[in-house]
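Visitor: Got a predicted structure plus its sequence, pasted below:
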Amino acid sequence: MTNIRLMKPNPSIRNILILLALPFLSSGQQDITVDKVIAKVGGEIILYSEWQEQIAYLSEKQGKMSESDLCVVLENILFQKFMVHQAKLDSVEVSEEEIEQQLSARIEQILQYMGNDVSKFEEYYGQSMEQVRSRFRDDLKNQLLGERLQSKVLGNVTVTPREVETFFGQIPWDSIPYFSAEVEVSEIVYRPQPSAEEITAAKDKLRRLLERIRGGESFEKLAKTYSDDPGSARTGGDLGWMKRGSLVPEFEAVAYNLDKDSISDIVETEYGFHIIQSLGRRGNNIHTRHILIKPQYTQKDYDKAERYLDSIRTIILRDSMPFELAVRTYSDKKSETYNNGGQLLNPKTGNAYFETADLDPDVYFAIDPLKPGQLSKVISSNEADGKKIFRIIKLVSRTTPHKANLQQDYAKIQTAAKEQKKNEYFRTWLEQKIPAIYSYIDPELKLNCPNLQSWGQSN
């Protein structure tokens, strides 16, 4: 979607949280021999090495940087430190469990980029995986604190219909963007079920592993070798400390009732079959490891699922069943679209409109010959774990390329108006807060960076 803006945003405001969003993909092998404190914001310090590390990361991504670019990077770090300091003043909190979960998820994502090769990961960073986790834990905590504070500050910002109309009316006619062709789509999702034989085989495999553990073999080593959960298998099945409500109910019901070091019988969840070992408990937080075995799916299972969903399509067409009712009756209740009446939401924009280029290829080709209101044939697609799911896609609407207008594009214009109002509100908030705190900038840096003149003062 083309962005609609009335004015060019203030560069400092535009970039204020850029560091909070930087992934930790830069190598840990930079050789920084001299370090010193170059700035302070409240109780937070900025080291020369922090500045250089961010410069190195951005240079790798964007190429050679100018002197003014280096000053902007430093100002971004000042803003980051200010957000952390202010979050602490405002008693904004982030739990250790949330930090660990997000840290694990991000490391898992990086590993996927590297083909799940742990040795490649450790070679790239020049540290063990645990050392990398330790290195980035504080950075991630500060990022989450800044995001939480921003959400708190901007959480009540809204726009009225009149404000939306005023915002749109102030855009010069020749600056109103054209929107590409867009579609709205809905879906019914069906997940195949494994055969009774495959379920039995999975249970038997896990039962044999359980017997080996009870016979004295290492739970950790067997998890690394046999578990179908690749994320935890690398760490011997260790799931870390988790807060109640973070795990699926069937798993938690058993895990919270285990004594320390004890091992469960076989537990079934939507992911497959588990055996669980308790490693400790602190109040509502538990530390467990597990071995997961998933039933295998055969072509017969997939053929059966496709025939079943095709029969649902026939019911909708023959009996004129409303699509939304068919979603509530037949669609997978755990699918992301179930509670939206089957409607897909665009992850880029948060609304229901997709440019055709943003659609999954499977969906694009399914709806390409359709008119609004028509249904696709049953299509299949692969999930992240390699399993197939089956879907019926409904084309809800299709628009042709057009100049933005309030009638067709109100939701998008409303979003743009709200974002501008948030920017203005946040800028005002910063102008009030920043001068009220103590800050210090190395005099030589301040002399060379005009954008830092408002820092290093306090009221």
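Guide: Structure received. Numbering: from 1, shown residues only.

Visitor: Break down the stretch 201-350 of the chain into its helices, ranges please.
Guide: Using DSSP state H, counting those that start in this stretch, the helices of the stretch 201-350 of the chain run over 219-226, 230-233, 249-255, 299-319, 323-330.

Visitor: The stretch 1-150 of the chain too?
Guide: So, for the stretch 1-150 of the chain - with DSSP H, counting those that start in this stretch - the helices run 11-14, 18-21, 48-62, 67-89, 96-113, 118-125, 129-154.

Visitor: Would you mind giving the helices of the stretch 201-350 of the chain as TSV with distance to residue 351 and mean neighbour count added?
Guide: The C-beta positions use only the backbone N, C-alpha and C, and glycine is treated the same way. Listed next are the helices of the stretch 201-350 of the chain as TSV, based on distance: least, C-beta to C-beta, whole Å; neighbours: other C-beta atoms under 10 Å:
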stretch	distance to residue 351	mean neighbour count
helix 219-226	42	18
helix 230-233	32	18
helix 249-255	32	17
helix 299-319	25	14
helix 323-330	18	17
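
Visitor: lowest-confidence stretch among those helices?
Guide: Among the helices of the stretch 201-350 of the chain, helix 230-233 has the lowest mean pLDDT, at a mean of 86.

Visitor: Do I have it right that residue 77 meets residue 54?
Guide: Yes: using C-beta atoms under 8 Å, residue 77 is in contact with residue 54, at 6.6 Å.

Visitor: In contact with residue 158, which residues?
Guide: Neighbour list for residue 158: residue 418 [criterion: C-beta atoms under 8 Å, 6 or more residues apart in numbering].

Visitor: That one: what secondary structure?
Guide: Following DSSP: H, G, I helix; E, B strand; the rest coil, residue 158 is assigned to coil.

Visitor: What is the burial count for residue 163?
Guide: 15 (other C-beta atoms under 10 Å).

Visitor: From residue 105, how far off is it?
Guide: 37 Å (C-beta to C-beta, to the nearest Å).

Visitor: Report the residue ranges of every domain in the protein.
Guide: Here the domain parsing of the chain from automatic domain parsing is 11-158+415-452, 181-193+298-400, 196-293.

Visitor: mean pLDDT for these: which is lowest?
Guide: Mean pLDDT across the domains of the chain is lowest at domain 11-158+415-452; the value there is a mean of 82.

Visitor: mind checking which of the domains of the chain is nearest residue 174?
Guide: Among these, domain 11-158+415-452 comes nearest to residue 174, with 17.3 Å by C-beta to C-beta.

Visitor: How far off centre is that closest one?
Guide: In terms of C-alpha atoms, centre = their mean, to the nearest Å, the centre of domain 11-158+415-452 is found 17 Å from the chain centre.

Visitor: ok, now stretch 209-216?
Guide: With C-alpha atoms, centre = their mean as the basis, stretch 209-216 stands 37 Å off its chain's centre.

Visitor: ok, and for it, which residues are buried?
Guide: 209, 210, 213 (16 or more other C-beta atoms under 10 Å).

Visitor: can you check stretch 159-171 too?
Guide: Neighbour count says stretch 159-171 has 159, 164, 167, 168, 171 buried, by 16+ other C-beta under 10 Å.

Visitor: what do you get for stretch 375-388?
Guide: 375, 376, 378, 379, 388.

Visitor: C-alpha coordinates for stretch 280-289, CSV please?
Guide: In CSV, the C-alpha atoms belonging to stretch 280-289 read as follows (Å, rounded to 0.1, in the frame of the first residue of the first chain):
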residue,chain,number,x,y,z
GLY,A,280,12.0,-27.0,38.4
ARG,A,281,9.2,-24.7,39.4
ARG,A,282,9.0,-21.2,40.9
GLY,A,283,5.4,-20.2,41.6
ASN,A,284,3.6,-20.0,38.2
ASN,A,285,6.8,-20.6,36.3
ILE,A,286,8.0,-24.0,35.3
HIS,A,287,11.2,-25.3,33.7
THR,A,288,10.8,-28.5,31.6
ARG,A,289,12.3,-30.5,28.8
